[in-house]
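Asker: What follows is a predicted protein model with its sequence.
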Amino acid sequence: MLPFMLRFLIAFVTEAYVAAAQLDRPQPNLGSGFGLVVGITAVQVVQSLCAHQFMYRGMLVGGQSRASLISMIYDKSMVISGRARAGGNSREKAAAATEGEKNAKGPSKNDDGAGWANGRIINLMSVDTSRIDKACGMFHVVWTAPASLVLTLVVLLVNLGPSALAGFGLLVIGAPLLTRVVRSLVTRRRAINRITDQRVSLTQEILRSVRFVKYFGWEESFLQRLNGLRTREVSSIQVLLALRNAILAVSTSLPVFAAMLSFIAFSLSGNTLRSELVFSSLALFNGLRNPLNLLPLVLGQVTDAWSSLKRIEEFLLAEEQVEDVISKPDGENALEVRGADFTWEKTSPSGGQGKQGETARGVSKGQEKPPQESSSEKSTTTGSSSGADSEPFKLQDLNFEIGRGELIAVIGSVGSGKSSLLSALAGDMRKTKGEVVLGASRAFCPQQAWVQNTTVRDNITFGKDMDEDWYHEVIKACALEPDLEMLPDGDLTEVGERGITISGGQKQRVNIARAIYFDADIVLMDDPLSAVDAHVGRHIFDNAILGLLGDKCRILATHQLWVLNRCDRIIWMDAGKIQAIDSFDNLMGSHAGFRQLMESQSSLESNKKDEAEAQGEAAPGAASADADAGTGGETEEKNKTKLRKGKSMMQAEEQAVSSVPWSVYGDFVRASGSILNAPAALLLLVLAQGANIMTSLWLSWWTGDKFRLAAPVYMGVYAGLGVVQVLLTFTFMLALSILGTRASKEMLRRAMARVLRAPMAFFDTTPLGRITNRFSRDVDVMDNNLSDAMRMYFVSVGSVLSALALILAFFPPFAIAL
């Protein structure tokens, strides 16, 4: 409707101008002119309101979709199986499954065999969901742009007749070429996603192990590895953006060339180029600029979102951890294992993470993820060799029954499989043979204490309803009362992301308290007393394990020999197999190997007993001096100081709430290579806008035959100006993309170098997720979105300024309206 109204308005103005020049002609109706002006204004207002509502609704859907996908990914990450995390060969794993349904499903893996490491999952939640969010905002342009083309063709046929088909044919020819290039964008984006996954996984690996990186002076080595991945990533992104910019430049100039062909065909057909026909038709072609400008951008966003959706779909369809046990809540025994074999998963050759959550950097293909054994079993365990043909650690031929209320100790040498046995019973190892019968619920207390970034109380209750009486019994049995009194907010004190406000022994006792508070009927404890002082360990054993858990089935992996004669039975492990199950006295009397095992560890146990006897049966108030698992112990006075300071140790996230300072823009431009890059890019923009103005001016001069030139001359100059405009526009957009990605690469390098040189206090008081987000989602925004935002901003500002300059040049009184 708007082009028709514009055509009538131009005809009205022309008629009024001619009538003023020729006094014998009547003046047109002034009301018609005002009506057309009001109508054009009203149509523009309605169009603006509808366009912004369309964008608002699309962004609303995108935000809701992102929130839902993040929740789904998080829920899935809680139940994904060890096979899916480790990656590897689908057929091998399918053959290893015991049930037909699981065989058919198999684990999920990437094209390169990578498993679902934490870095990839974080990338899904931050980068991929953000791409889907952006695509939803303008998704409908995918079909509204072609619809606009069809409607424009109809109106052009009314205006120019069959001559409009010449220009419109150019648009039709360009569509298949555009489609082919867009398909190549999908392939390139998938390749970039794989590199990004590797970079984010390596970044997370460095941040998680930053203490060791600093201790060994490996900062430069890891930075070189990270910069190598980053160079590959940025190079691929620059090629992708160059293709996008080429599509955008061509689509932007297509209306110009289409109008050019239509006007040339109209002129060659013997028709006169009247101003109302030319400029109303030109308005129609220019009206296609917005959808054609947005179409490549939206297609790029949609292709990125489609690639992200496929990745998220692959993750959501990954194999879940199925509890392959038989439940008998009314059975006589709490636990029965018959002829069962368990195995850990092989790690991904591309850096996937195994079940233990360790990164597999540098692990050759086929190498397993060794289980972490209890207490001092930090060294290489049986089945954990680094050879390329080695097999993952396995538990074989397990047969035993445990009654309700029994206390079972699991004993063995380093690497014998004690921790693996508890992990298998907890469901963390894959069962390949036999059956497991559970008669009750389970709780697992791992050797390496795990705490949430929340209060002490929430770490203990762990989502269960608060039972005051039971809660106080638990913290008393776990010797936590004196520690809670010293905390600044008691049990409502935040412990920090890695529990930095409490010692290793306190974290272990919080883990024990969590397992007890859960009130499960089967409690699995992996050397829970190793991180606490001897007298505190006796208090916990007497009051918690033998006291509050007295009627529960308790399975305790331990190196502390003094607890063995107080257990009902002992499971003796060696090389992943059960050597014997019997009471302590019977094993000592009938098994020479067991006696030898006891003798080999007796000296260490004697030292611990001497320490406990020296301290006597002191009250657990000294529990604050528990040995810290990371530092080897700390005095009570130092621990008290640490607890009192813990209230304010976590740093609040810094957020900008106002406009971005100009210094930030300056740093960004300098990071691109030189401060002169900004004026150089702006010069290209000025030249491109100048070519755009000259194209419109030359068309007006052509219609008025200002220079009295032949028609072919006007046509040739008009075509040449169109080509120059395309080349300058593409050069400007390409320069923005290259300079933007170069600046992003340099700023990421500087940021990572600064982070690795930060003191450990920074990592202790800053959540890992906050740091990771800066190097994942924020970097993706700088790589893929910032250059598009700058291009749209500068082109919009340039278009407005050039239009104002053109209007003021031909109609100076318009300055009054400004």
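Answerer: Noted; the coordinates are in hand.

Asker: helices or strands next to the host helix or strand of residue 400 in the packing?
Answerer: Assessed by DSSP states H and E, residue 400 sits inside strand 394-403. Counting contacts by 3 or more Cβ pairs under 8 Å, 6 or more residues apart in numbering; DSSP states H and E, strand 394-403 packs against strand 333-343, helix 418-426, strand 553-557, strand 577-582. C-beta: built from backbone N, CA, C; applies to glycine.

Asker: at 6 Å instead, please
Answerer: Contacts defined by 3 or more Cβ pairs under 6 Å, 6 or more residues apart in numbering; DSSP states H and E place strand 394-403 against strand 333-343.

Asker: can you pull the buried residues of the strand it packs on?
Answerer: 333-337, 340-343 (16 or more other Cβ atoms under 10 Å).

Asker: all strands of the chain, in order?
Answerer: 326-327, 333-343, 394-403, 407-412, 430-438, 442-445, 522-526, 553-557, 569-574, 577-582 (DSSP state E).

Asker: picking up where we left off before, now the strand holding residue 400 and strand 577-582, what's the angle there?
Answerer: With axes from the mean of the first three to the mean of the last three Cα atoms, to 10 degrees as the basis, strand 394-403 and strand 577-582 are set at 20 degrees to each other.

Asker: now the stretch 451-600 of the chain, which segments are flagged as low pLDDT?
Answerer: 496-500 (pLDDT under 70).

Asker: do the stretch 101-250 of the chain as well
Answerer: The stretch 101-250 of the chain contains residues with pLDDT under 70 at 101-114, 175, 179.

Asker: redo that, cut-off 80
Answerer: Applying pLDDT under 80 to the stretch 101-250 of the chain flags residues 101-115, 117-119, 149, 152-153, 155-156, 158-160, 167-183, 186, 248-250.

Asker: What segments of it are helices?
Answerer: 118-123, 129-137, 141-160, 164-208, 210-215, 219-268 (DSSP state H, counting those that start in this stretch).

Asker: Check which helices and strands the longest one sits against.
Answerer: Identification of packing neighbours for helix 219-268 by 3+ Cβ pairs under 6 Å, 6+ apart yields helix 164-208, helix 275-287, helix 289-316, helix 711-756.

Asker: Output those helices as JSON lines; include the columns mean neighbour count and distance to residue 471.
Answerer: Below are the helices and strands packed on helix 219-268 laid out as JSON lines (neighbours: other Cβ atoms under 10 Å; distance: least, Cβ to Cβ, whole Å):
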{"stretch": "helix 164-208", "mean neighbour count": "18", "distance to residue 471": "32"}
{"stretch": "helix 275-287", "mean neighbour count": "21", "distance to residue 471": "69"}
{"stretch": "helix 289-316", "mean neighbour count": "20", "distance to residue 471": "37"}
{"stretch": "helix 711-756", "mean neighbour count": "19", "distance to residue 471": "39"}
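
Asker: okay, those helices in JSON lines with distance to residue 685 next?
Answerer: Below are the helices and strands packed on helix 219-268 laid out as JSON lines (distance: least, Cβ to Cβ, whole Å):
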{"stretch": "helix 164-208", "distance to residue 685": "24"}
{"stretch": "helix 275-287", "distance to residue 685": "19"}
{"stretch": "helix 289-316", "distance to residue 685": "15"}
{"stretch": "helix 711-756", "distance to residue 685": "5"}
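
Asker: Those: which one's closest to residue 796?
Answerer: Taking Cβ to Cβ, helix 289-316 is the member of those nearest to residue 796, at 10.3 Å.

Asker: Compute the inter-axis angle for that closest one and helix 219-268.
Answerer: Going by the same axes, to 10 degrees, helix 289-316 makes 140 degrees with helix 219-268.

Asker: for helix 289-316, packing partners?
Answerer: Using 3+ Cβ pairs under 6 Å, 6+ apart: helix 289-316 touches helix 129-137, helix 141-160, helix 164-208, helix 219-268.

Asker: could these be laid out in JSON lines, adding distance to residue 481?
Answerer: Putting the helices and strands packed on helix 289-316 into JSON lines (distance: least, Cβ to Cβ, whole Å) gives the following:
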{"stretch": "helix 129-137", "distance to residue 481": "44"}
{"stretch": "helix 141-160", "distance to residue 481": "63"}
{"stretch": "helix 164-208", "distance to residue 481": "33"}
{"stretch": "helix 219-268", "distance to residue 481": "43"}
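
Asker: which one of the ones you listed lies closest to residue 576?
Answerer: Across these, closest to residue 576 is helix 164-208 (Cβ to Cβ), at 28.4 Å.

Asker: Packing partners of the closest one?
Answerer: Helix 164-208 packs on helix 118-123, helix 141-160, helix 219-268, helix 289-316, helix 768-774, going by 3+ Cβ pairs under 6 Å, 6+ apart.

Asker: most tightly surrounded among the ones you listed?
Answerer: helix 118-123 (a mean of 24; mean count of other Cβ atoms under 10 Å).

Asker: Can you check which of the helices and strands packed on helix 289-316 gets nearest to residue 419?
Answerer: helix 164-208 (20.5 Å).

Asker: by how many degrees do that closest one and helix 289-316 diverge?
Answerer: Going by the same axes, to 10 degrees, helix 164-208 makes 40 degrees with helix 289-316.

Asker: can I assume residue 126 is in contact with residue 778?
Answerer: No: the criterion here is Cβ atoms under 6 Å, and residue 126 misses it with residue 778 at 8.8 Å.

Asker: who's more crowded, the two?
Answerer: residue 126 (20 against 15; other Cβ atoms under 10 Å).

Asker: In contact with that one, which residues are there?
Answerer: 773, 776-777 (Cβ atoms under 6 Å, 6 or more residues apart in numbering).

Asker: Including pLDDT and distance to residue 193, could those go into a markdown table?
Answerer: Shown next, in a markdown table, are the contacts of residue 126 (pLDDT from 0 to 100; distance: Cβ to Cβ, whole Å):
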| residue | pLDDT | distance to residue 193 |
| --- | --- | --- |
| 773 | 81 | 18 |
| 776 | 84 | 12 |
| 777 | 80 | 14 |
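
Asker: Could you dump those into TSV with distance to residue 511 added?
Answerer: Formatted as TSV, the contacts of residue 126 follow (distance: Cβ to Cβ, whole Å):
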residue	distance to residue 511
773	28
776	30
777	32
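
Asker: with these in mind, which one is nearest to residue 164?
Answerer: Using Cβ to Cβ, the contacts of residue 126 come closest to residue 164 at residue 777, 46.1 Å.

Asker: That closest one: neighbouring residues, count only.
Answerer: 20.

Asker: wait, what's in contact with it?
Answerer: Residue 777 neighbours (Cβ under 6 Å, 6+ apart): 126-127, 130.

Asker: For it, which non-adjacent residue is closest in space?
Answerer: In this structure, residue 777 finds its nearest non-sequential neighbour in residue 126, 3.9 Å apart by Cβ to Cβ, 6 or more residues apart in numbering.

Asker: May I have the distance across stretch 209-220, first residue to last?
Answerer: 15 Å (Cα to Cα, to the nearest Å).

Asker: Buried residues in that stretch, which are they?
Answerer: For stretch 209-220, by 16+ other Cβ under 10 Å, it's 209-210, 213-214, 218-219.

Asker: do stretch 404-416 as well
Answerer: 404, 406-416.

Asker: Give me the below-cutoff pLDDT ranges for the stretch 651-800 of the chain.
Answerer: 651-660, 696, 699-700, 702-705, 711-712, 715, 761, 764-769.

Asker: gap between residue 4 and residue 162?
Answerer: Relative to residue 162, residue 4 is positioned 19 Å away (Cβ to Cβ, to the nearest Å).

Asker: Tell me which of those two has more neighbours.
Answerer: More neighbours surround residue 4 than the other of residue 4 and residue 162, with 16 against 11 (other Cβ under 10 Å).
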